[in-house]
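> please work out how this folds:
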Amino acid sequence: MYYLGVISGTSMDSIDAVIAHFCEDNHQLTLKQTYTHPIPDDLKTQSLQLSQQGTVSLQTFGELDHRWGILFAQTCQNIIQQSGISKQDIKAIGSHGQTLWHSPQKELGFSLQVGDPNIIAKQTQITTISDFRRGDMALGGQGAPLAPIFHHWLFAGEQPCVLLNLGGIANITVLTAEQKILGFDTGPANGLLDSWVQEKYQRPYDQNGQLSQQGKVIPELLHAFLADPYFQQPPPKSTGKDYFNLAWIEQQLKTLNKNNYDNQDILCTLTHLTAQTIAQDIKQALPQATVIVCGGGAENPFLLQCLNVYLGKDYPIKSTAAYGIDPKWIEASCFAWLAKQRLNENSLDLRSITGVREKTLLGGIYAGG
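Just a heads-up that it's a prediction; the model follows:
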């Protein structure tokens, strides 16, 4: 049987979907079909604004939830059509949902995601698993990141190693020879870079890091960035674009009382911020290890070059492509796998990742019939 995974990340550049088969005996992932679906500009703009401002009417929120649900359903229908697989052969859809706000640290912590799974299930007529975070949070967990438990399954034979996911936010999974697992969000990855490029250059992102590479680091600004309390906070920890966003950058600039920095220099400094904070956390976790990279940032050679400098020779960097898996499809595959675990009623152990108190089932089941 196949499982379908669908995700739109914090960057909201597109929706990624996979149809996958998982062999539990040898921890083997086989991708039958992959697909990228565009996000309408108005929906992206509205959702990004909300994820940074945090104020919205109930009418707007309900409509966003509905629109994202329709878009995820269309994505699922399109990939199924392209694959030629019968819907009856797809056991379940795992939908991550679109995160608008992630605030797990407070006493009344929550993670707000949209993309009504009822719409996905009814329009595709396939059982849909969604709302993966809140079961974890109900037991004291951060609700994210969830990918490390899948990384552990997929790369079980590669310890010691570090899986590095470079999405809008960067997260790492630390795997040791003793089968111990640690995972958490290190901080921003592509998210701050994209926000600055969109604001100053009216481009969706800095392709191949070309703009960043033409700038130079501003030491005092990098020091101000690194002083943010999140980077000193011990795990478990997770974050999102409601925290690390354009307003965050502008606040740091305001604190320094400087408004004459070159835009490319600021972009270069943001790239070094991402690389340095990731390297700092990896080095604290393991004395040496292979770093296996996935996510959109794996296609940014300047970011990888900076990361290589900060990590040094004891931490060689490889793409998941070296292991036969395109780095673009790891996260969507993760939610296909999580859907399988939920249907099979496999409780997952994220105690060393999210800080949850006990093993638990993740995700709600929405009938497709």
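> please verify my assumption that residue 152 contacts residue 180.
No. Checked against Cβ atoms under 8 Å, the pair residue 152 and residue 180 is beyond contact range at 9.7 Å. The way it works is simple: take the backbone N, C-alpha and C, and place the C-beta from them, glycine included.
> compare neighbour counts for those two and give me the winner.
residue 152 (23 against 12; other Cβ atoms under 10 Å).
> helix, strand or coil: sort out the more buried one for me.
Counting by DSSP: H, G, I helix; E, B strand; the rest coil, the backbone at residue 152 sits in helix.
> do you know the pLDDT at it?
Looking at residue 152, its pLDDT reads 94.
> just residue 135 next, same as before
pLDDT recorded at residue 135 is 96.
> quick one: it and residue 361 touch, right?
Yes. With contact taken as Cβ under 8 Å, residue 135 and residue 361 are classed as touching, separated by 6.5 Å.
> host element of residue 288?
Following DSSP states H and E, there is no helix or strand that holds residue 288.
> hang on, isn't it packed against residue 315?
Yes. In this structure residue 288 lies within contact range of residue 315 using Cβ under 8 Å: 6.5 Å.
> who has more neighbours out of these two?
Remark: of residue 288 and residue 315, residue 315 carries more neighbours, 20 against 13, as counted by other Cβ under 10 Å.
> and that one, helix, strand or coil?
coil.
> which non-adjacent residue is nearest it?
residue 291 (5.2 Å; Cβ to Cβ, 6 or more residues apart in numbering).
> check contacts around the one you found.
Residue 291 makes contact with 161-162, 164, 282, 307, 311, 315-318, according to Cβ atoms under 8 Å, 6 or more residues apart in numbering.
> ok, of the residues you listed, which come out buried?
161-162, 164, 282, 307, 311, 315, 317 (16 or more other Cβ atoms under 10 Å).
> rebuild the residues you listed as a markdown table, extending it with secondary structure and pLDDT.
Listed next are these as a markdown table, based on DSSP: H, G, I helix; E, B strand; the rest coil; pLDDT from 0 to 100:
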| residue | secondary structure | pLDDT |
| --- | --- | --- |
| 161 | strand | 94 |
| 162 | strand | 97 |
| 164 | strand | 98 |
| 282 | helix | 97 |
| 307 | helix | 98 |
| 311 | helix | 98 |
| 315 | coil | 97 |
| 317 | strand | 97 |
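> biggest separation within those, which pair?
Using Cβ to Cβ, the buried ones among the contacts of residue 291 span at most 15.1 Å, a distance reached by 161 and 307.
> list the buried residues for the longest helix along the chain?
The longest helix of the chain (DSSP state H) is helix 58-83. For helix 58-83, the buried set under the neighbour-count rule, 16+ other Cβ under 10 Å, comprises 64-65, 67-69, 71-73, 75-77, 79-80, 83.
> ranking helices and strands of the protein by mean pLDDT, which lands last?
Between all helices and strands in the chain, the lowest mean by mean pLDDT, DSSP states H and E belongs to helix 41-53, at a mean of 89.
> how about the nearest residue to residue 70, chain neighbours excluded?
residue 119 (6.0 Å).
> and the helix or strand containing that neighbour, average pLDDT?
With elements taken from DSSP H and E, the one containing residue 119 is helix 117-124. Across helix 117-124, pLDDT averages out at 98.
> show me what it is packed against.
Helix 117-124 sits against helix 58-83, strand 90-95, strand 128-130, strand 364-366, with contacts defined as 3 or more Cβ pairs under 8 Å, 6 or more residues apart in numbering; DSSP states H and E.
> got CSV for those, with distance to residue 106 too?
Output for these, formatted as CSV (distance: least, Cβ to Cβ, whole Å):
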stretch, distance to residue 106
helix 58-83, 20
strand 90-95, 26
strand 128-130, 24
strand 364-366, 23
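> quick revisit: got the CA positions of the helix holding residue 119 in CSV?
Taking Å, rounded to 0.1, in the frame of the first residue of the first chain, the C-alpha atoms of helix 117-124 are listed here in CSV:
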residue,chain,number,x,y,z
PRO,A,117,-8.5,17.9,6.7
ASN,A,118,-12.2,17.2,6.4
ILE,A,119,-12.1,18.9,3.0
ILE,A,120,-9.1,16.8,1.9
ALA,A,121,-10.7,13.6,3.1
LYS,A,122,-14.1,14.2,1.5
GLN,A,123,-12.8,15.6,-1.8
THR,A,124,-10.2,12.8,-2.3
